[in-house]
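Participant: Pasting the sequence and the predicted coordinates here, then a few questions.
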Amino acid sequence: MSKTIDRKLTTGKRDVISKRVRSISPSGIRKFFDILSTMENVISLGVGEPDFVTPWHVREAGIYSLEKGHTSYTSNYGVIELREEIARYLKQRYGLEYDPATEILVTVGVSEGLDLAMRAILDPGDEVIGYEPSYVSYLPCTLLAGGRFIPVPTSIENGFRVQANDIDRRVSTRTKAIMLGYPSNPTGAVMDRASLKRIAGVAQRRDLLVISDEVYERLVYGVKHVCFASLPGMRQRTIHLGGFSKAYAMTGWRIGYAAARADIIEAMMKIHQYTIMCAPTMAQMAALEALRAGEEQVQEMVAEYDRRRRIMVKGFNDIDLDCFEPRGAFYAFPSIRVTGMTSESFAERLLLEEHVAVVPGDAFGKSGEGHVRCCYATSMDEIEEALERMGRFVRKHRAR
């Protein structure tokens, strides 16, 4: 029997990769960065990562934990001091009360939190209603958990904000949850309280959970972020995902958290326990320091992102790449329809001809076609040079 199996494997008659994994396309973001890595003098507006270094006192806390020999596993849930500080933060900022012992789980970034949430709540065939364009992981994490992702298109006409009625129309007997991610990657859209309350009404009426990815909660400009779990009746229905990567410039530390009612957190912890064990100890100690003493640096970074945001949006509009005004995160999502190109063609030719890297909008779902994502978490000098190169590119390739 083993010889038969070996023969099938070596002759390619049996697929060794699962159907579920084969059904998922590689990230549309990475293709362009493979090309970028072979080129010189490239300005990248692609990777969604702060260009700031993690504040020194936060790095020092991580270093100190190593110096003290804190290199062993922590609780599967995470260091209790960090969970207590997260609970304090959510209480002070949003009026939410969570038991740090049973209702908060420290994760390896928000990405792991999203994966855990999907696997904890979905049975095969369950549906998650999301929106697009949206973050590239929402669809694959749903599929990997055995679920079906039901997209709701958004557009510049509705400010890239998903509408409650559009969600409601897609609810079926298999619908388990609504997926939200505001402030939005890739569009920078922010939801207002009234719109979120209407979605909360759908969740209550249809008896649905809500997974709310709020990793960009601190990066808002001229508006106030509304935490979905803080809406009436939503704390018990919401899996709140938060993290440190964006606001505290801690992407490489891989540290995030989930807050939800105890039965959901326990289910997520079971998966976390067997696949990860715990988030890195030194990263947890750094995150604790960030929450306790990092507010001044957060405010400084937000002010600088806001300055870059205004320059980039104006710059795109000046070169006839119509750009929706992002009010959160650190992305602009200009339309490239004036060129007549597809998003992928525009991104590839811009990279090859002008050495500027952007991400095609359809990497975030079909509704992103006709746009590209540009990250302004880069220096002002590079933003201005990129705008000059892109202006030259648009003038050359404007559709006649």
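Facilitator: Received the coordinates, thanks. No experiment lies behind these values; they were computed from the predicted model shown.
Participant: only C-alpha atoms for contact and neighbour calcs from this point on.
Facilitator: Will do.
Participant: For H240, what is the enclosing helix or strand?
Facilitator: According to DSSP states H and E, H240 maps onto strand 238-243.
Participant: got it, and A177?
Facilitator: Using DSSP H and E, A177 sits in strand 175-180.
Participant: which other residues reach the helix or strand following that strand?
Facilitator: Per DSSP H and E, strand 175-180 leads on to helix 193-206 as the next helix or strand towards the C-terminus. With CA atoms under 8 Å, 6 or more residues apart in numbering as the test, helix 193-206 has contacts from 163-164, 167-168, 171, 178, 208-210, 226, 228, 231, 233-234, 237.
Participant: circling back: note down every partner strand of the helix or strand that comes right after the strand holding H240 and its orientation.
Facilitator: As assigned by DSSP H and E, the chain's next helix or strand after strand 238-243 is strand 256-259. Taking DSSP bridges as the criterion, strand 256-259 sits next to strand 104-107 (antiparallel), strand 238-243 (antiparallel) in its sheet.
Participant: how about JSON lines for the ones you listed, with mean pLDDT and mean neighbour count added?
Facilitator: Shown next, in JSON lines, are the strands paired with strand 256-259 (pLDDT from 0 to 100; neighbours: other CA atoms under 10 Å):
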{"stretch": "strand 104-107", "mean pLDDT": "98", "mean neighbour count": "30"}
{"stretch": "strand 238-243", "mean pLDDT": "98", "mean neighbour count": "26"}
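Participant: quick one: which of these is nearest A357?
Facilitator: For the strands paired with strand 256-259, distance to A357 was read as CA to CA. The smallest value, 26.4 Å, belongs to strand 238-243.
Participant: ok, residues contacting that closest one?
Facilitator: With contact meaning CA under 8 Å, 6+ apart, strand 238-243 is reached by 109-110, 113-114, 117, 209-215, 228-229, 255-261, 264.
Participant: In helices only, show me those residues.
Facilitator: 109-110, 113-114, 117, 264 (DSSP state H).
Participant: Need the contact partners of stretch 359-370.
Facilitator: When contacts are defined by CA under 8 Å, 6+ apart, stretch 359-370 is touched by residues 27-29, 32, 45-46, 132-136, 153-155, 186, 333, 335-337, 341-344, 346-347, 371-374.
Participant: And those, which of them are buried?
Facilitator: Buried subset of these (neighbour count, 16 or more other CA atoms under 10 Å): 28-29, 32, 45-46, 132-136, 153-154, 186, 333, 335-337, 341-344, 346-347, 371-374.
Participant: Quick check: buried residues in stretch 125-143?
Facilitator: Of the residues in stretch 125-143, 126-136, 138-143 count as buried by neighbour count, 16+ other CA under 10 Å.
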